[in-house]
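J.: This is the structure alone, sequence omitted:
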């Protein structure tokens, strides 16, 4: 018996050595032979499948930032991540009177269900959308979605706030008329919304959002975003302002509690709009305007293979002795992109059969024609 035991010990030791120095290297060789070692994505996928941490994300789809009073809104959501697709879902949104209502649903998880990568698109997979509401009161509202998988993981939440107003001033084509719209609305305490980019004489741009909140003692909320030139220090600073006025050349926000905004110049305005009545882009119009150094704008929406929209826009800005381009690309709704707004100042734009290309200091940025 003792002899048999002494024989077994070396056999176990030999087996361990074989696993460590023969079988595992063979598995590694097989894996590397089937995966290009330069292909980082394949390596990432292999490691992700074995070592991913549980996580969940929510995207709210179909919502705009502003609606006219009497305009219906509706929306849906996409839940994605690595974990369990089953769980409870809560959707809240304002009803026609502006009061918060909600819809709750739940699905239980099967025992010993493995975690996996998943994407649940409520509208595509079940045809479900929410809201379908025409709000009867101007105001600032929010829709929100919550996904709770289990007691072992914190609920995942996402919201989208939006305004309902009587006037959307950036529906007006002329920049000075847009400015007068927000001034007149403030003077008459009529709810209004302005979100527009203004080219400046100095060579910068101002991206401003202004809202006349008739539901909030007629206050005026203002904040610039992605602005260049003199307005750069105020990016993202939201203020409540006492007054707004416009003259022949500039728009002024005055008595603001968090910032003293420089005047927004309205000269070099009335740009040529290189989109038709159906909002389809005219690329030749835009390139021609740049070559002639005439102010112009173009807006382009393209979709990824997954159906996510990517928004691009360009402005030809003419100064006293030259012209340049202001380019913005918005990938916030691209689930597999950078999901941010990127802003560039560019020196040239070219057009070929497949691409409109903006030539900027850090390289070229292409916008597909189709």
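T.: Alright, I've got the coordinates. Nothing here was measured: the structure is a model prediction, and the numbers come from that model.
J.: And stretch 77-91, what's buried?
T.: Neighbour counts using 16 or more other C-beta atoms under 10 Å place 77-85, 87, 89-91 of stretch 77-91 among the buried residues. The way it works is simple: take the backbone N, C-alpha and C, and place the C-beta from them, glycine included.
J.: which residues are contacting stretch 274-288?
T.: 272, 289, 296-300, 314, 316, 349-351, 356, 369 (C-beta atoms under 8 Å, 6 or more residues apart in numbering).
J.: Give the PyMOL command for selecting the buried subset of the residues you listed.
T.: Buried members of these can be picked out in PyMOL with the line below, counting by 16+ other C-beta under 10 Å:
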select buried, resi 272+289+296+297+298+300+314+316+349+356
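J.: Which ones among the contacts of stretch 274-288 lie within strands?
T.: 272, 296, 297, 298, 299, 300, 314, 316, 349, 350, 351, 356 (DSSP state E).
J.: how is this structure carved up into domains?
T.: Recorded structural domains for the chain (assignment: automatic domain parsing) are 55-164, 167-265, 272-368.
J.: Now render the ones you listed as CSV, adding mean pLDDT.
T.: Converted to CSV, the domains of the chain look like this (pLDDT from 0 to 100):
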stretch, mean pLDDT
domain 55-164, 90
domain 167-265, 82
domain 272-368, 85
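J.: for the nearest residue in space to residue 153 that is not next to it in sequence, what are its contacts?
T.: Once its chain neighbours are removed from consideration, residue 153 has its nearest residue in residue 54; the separation is 6.2 Å (C-beta to C-beta, 6 or more residues apart in numbering). Neighbour list for residue 54: 81, 82, 83, 115, 153 [criterion: C-beta under 8 Å, 6+ apart].
J.: quick one on the thing from earlier: taking the buried residues of stretch 77-91 together, which two end up most distant?
T.: For the buried residues of stretch 77-91, the maximum inter-member distance is 22.6 Å, found between 82 and 91 (C-beta to C-beta).
J.: on that earlier part again, I'd like the buried residues of stretch 77-91 as JSON lines, with secondary structure and distance to residue 192 appended.
T.: Shown next, in JSON lines, are these (DSSP: H, G, I helix; E, B strand; the rest coil; distance: C-beta to C-beta, whole Å):
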{"residue": "77", "secondary structure": "strand", "distance to residue 192": "29"}
{"residue": "78", "secondary structure": "strand", "distance to residue 192": "32"}
{"residue": "79", "secondary structure": "strand", "distance to residue 192": "35"}
{"residue": "80", "secondary structure": "strand", "distance to residue 192": "37"}
{"residue": "81", "secondary structure": "strand", "distance to residue 192": "39"}
{"residue": "82", "secondary structure": "strand", "distance to residue 192": "44"}
{"residue": "83", "secondary structure": "strand", "distance to residue 192": "44"}
{"residue": "84", "secondary structure": "coil", "distance to residue 192": "45"}
{"residue": "85", "secondary structure": "coil", "distance to residue 192": "43"}
{"residue": "87", "secondary structure": "strand", "distance to residue 192": "41"}
{"residue": "89", "secondary structure": "strand", "distance to residue 192": "35"}
{"residue": "90", "secondary structure": "strand", "distance to residue 192": "33"}
{"residue": "91", "secondary structure": "strand", "distance to residue 192": "29"}
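J.: which of the contacts of stretch 274-288 lies closest to residue 135?
T.: Taking C-beta to C-beta as the measure, residue 299 is the one of the contacts of stretch 274-288 closest to residue 135, at 26.7 Å.
J.: Show me the beta-bridge partners of the closest one.
T.: Following DSSP bridges, residue 299 is listed with bridge partners residue 313.
J.: tell me the contacts of it?
T.: For residue 299, the residues meeting the contact criterion (C-beta under 8 Å, 6+ apart) are 275, 279, 281, 311, 312, 313.
J.: quick one: it from residue 368, how far?
T.: Summarising the geometry, the distance separating residue 299 from residue 368, computed by C-beta to C-beta, to the nearest Å, is 14 Å.
J.: circling back to that earlier point, nearest to residue 125 among the ones in strands among the contacts of stretch 274-288?
T.: When the ones in strands among the contacts of stretch 274-288 are compared for distance to residue 125 (C-beta to C-beta), residue 300 wins out at 29.2 Å.
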